[in-house]
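J.: fold the following for me, if possible:
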Amino acid sequence: MKAPNPSPVSSSSFSFLTLLLWGFTSRHDSTTYANYQYHGCGNKYVNCENYCDICVYFHTRTECYATLFKETCYRPFVGGMESLNNTDWCNWNNVKRMYNTFTMCTEEIAECLLIPWPNRMVENEFVNIHSRFFPDCPNEALSDPPPSIVFALVMTPICLIPIMVVLVVLKTKNGDGSS
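T.: The predicted model follows:
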């Protein structure tokens, strides 16, 4: 009995990886594989060995990560987002599963390839995604409070300062230095 795959990568997006590996089998030689294995491969996720096997055919891990990121994580996310109406993009309940899967996918591949996460490429892509899909979504965490709240917060200290000054003057005028 095989253990369940805790990987957030779906089987449909993983088919690209299988095809890539199948297409490059003629280029596989033991020297290249040995050189790549020297750098190691993570083993935290079920798919790590598959990712590392694919990366044998790339010159650098970063190049491999960029390709795996695009094909395994980015394209399924964009496809899922484009399948929604753009009015649904700002509803967190509609996008949280896709967004979380995308995030976990980028982290999984990075961990398998022993690349730091988050990294510059991931950060840039998240900024691009937010600019593309969420530019008009309200962000309650950064919005200004209502004007009545701002007025109360500003006026309270302004009104208290003269009262405190009067109390200090009256207290010192009476010659009563004790509190």
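J.: low-confidence regions, this structure specifically.
T.: The model of the chain has pLDDT under 70 over residues 1-39, 139-143, 175-179.
J.: ok, longest helix in it?
T.: helix 147-173 (DSSP state H).
J.: centre of the chain to it, how far?
T.: 45 Å (CA atoms, centre = their mean, to the nearest Å).
J.: show me where this protein has its helices.
T.: 11-23, 30-39, 48-55, 61-68, 75-83, 92-112, 120-133, 147-173.
J.: so which elements touch the longest one?
T.: Contacting helix 147-173 under the criterion 3 or more CB pairs under 8 Å, 6 or more residues apart in numbering; DSSP states H and E is no other helix or strand. (Each C-beta comes from the backbone N, C-alpha and C, glycine too.)
J.: likewise the fifth one?
T.: When contacts are defined as 3+ CB pairs under 8 Å, 6+ apart, helix 75-83 packs onto helix 11-23, helix 92-112.
J.: quick one: buried residues of that helix?
T.: By neighbour count with 16 or more other CB atoms under 10 Å, helix 75-83 contains the buried residues P76, F77, V78, G80, M81.
J.: send the alpha carbons of that helix over as PDB?
T.: The C-alpha coordinates for helix 75-83 follow below in PDB (Å, rounded to 0.1, in the frame of the first residue of the first chain):
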ATOM      1  CA  ARG A  75       0.400  27.900 -15.200                       C
ATOM      2  CA  PRO A  76      -2.200  25.900 -13.200                       C
ATOM      3  CA  PHE A  77      -2.600  28.900 -10.900                       C
ATOM      4  CA  VAL A  78      -3.100  31.400 -13.800                       C
ATOM      5  CA  GLY A  79      -5.500  28.900 -15.500                       C
ATOM      6  CA  GLY A  80      -7.500  28.600 -12.400                       C
ATOM      7  CA  MET A  81      -7.700  32.300 -11.900                       C
ATOM      8  CA  GLU A  82      -8.600  32.900 -15.500                       C
ATOM      9  CA  SER A  83     -11.400  30.400 -15.100                       C
END
